[in-house]
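K.L.:
pasted the sequence and its predicted model underneath.
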Amino acid sequence: MRTRTVGYGPSPMRRQRYRLRTPSTGREIIIEAEPGEIYVDRETSEPLEVVGQVLPMPPNTSNLPWAVEYLRFCDWCDQLAPIDLNDCPTCGRRMAPVERPAA
């Protein structure tokens, strides 16, 4: 196994994202991770523990986590879809634009 120190830059490859936690401080981070790797907190130098996978999982084209503030209902099939997608991942149809509140 290799050990990697967690950085905060963009990743060139799209991999599964995980929520990792530093056991002593409780600080959490979401990163794209490789199975079998040990990730280390750069501030405390202790290994991070995996708390869970972040949805959506690849090969979904959305880059947002599945949380209430990032989801909307498809106009056609009434299934949840990420707000950053134009086409519904369930039925494949084009969804209406997201309405933004007036500023």
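P.N.:
Arrived safely, thanks for sending.

K.L.:
contacts only, for the residue nearest to the spatial centre of the chain.
P.N.:
Nearest residue to the geometric centre of the chain (Cα atoms, centre = their mean): Pro65, 4.2 Å. Listed by Cβ atoms under 8 Å, 6 or more residues apart in numbering, the contact set of Pro65 reads Arg17, Ile30, Val54, Leu55, Pro56. No exception for glycine: its C-beta is placed from N, CA and C like everyone else's.

K.L.:
name the nearest residue to the first one, ignoring sequence neighbours.
P.N.:
This points to Arg17. Leaving out its chain neighbours, the residue that sits closest to Arg17 by Cβ to Cβ, 6 or more residues apart in numbering is Val54, at 4.1 Å.

K.L.:
and the pLDDT at that neighbour?
P.N.:
You'll see Val54 listed with a pLDDT of 81.

K.L.:
which of the contacts of Pro65 sit farthest apart?
P.N.:
Ile30 and Pro56 (12.9 Å; Cβ to Cβ).

K.L.:
more crowded one of the two?
P.N.:
The neighbour comparison of Ile30 against Pro56 (other Cβ atoms under 10 Å) goes to Pro56, with 19 against 13.
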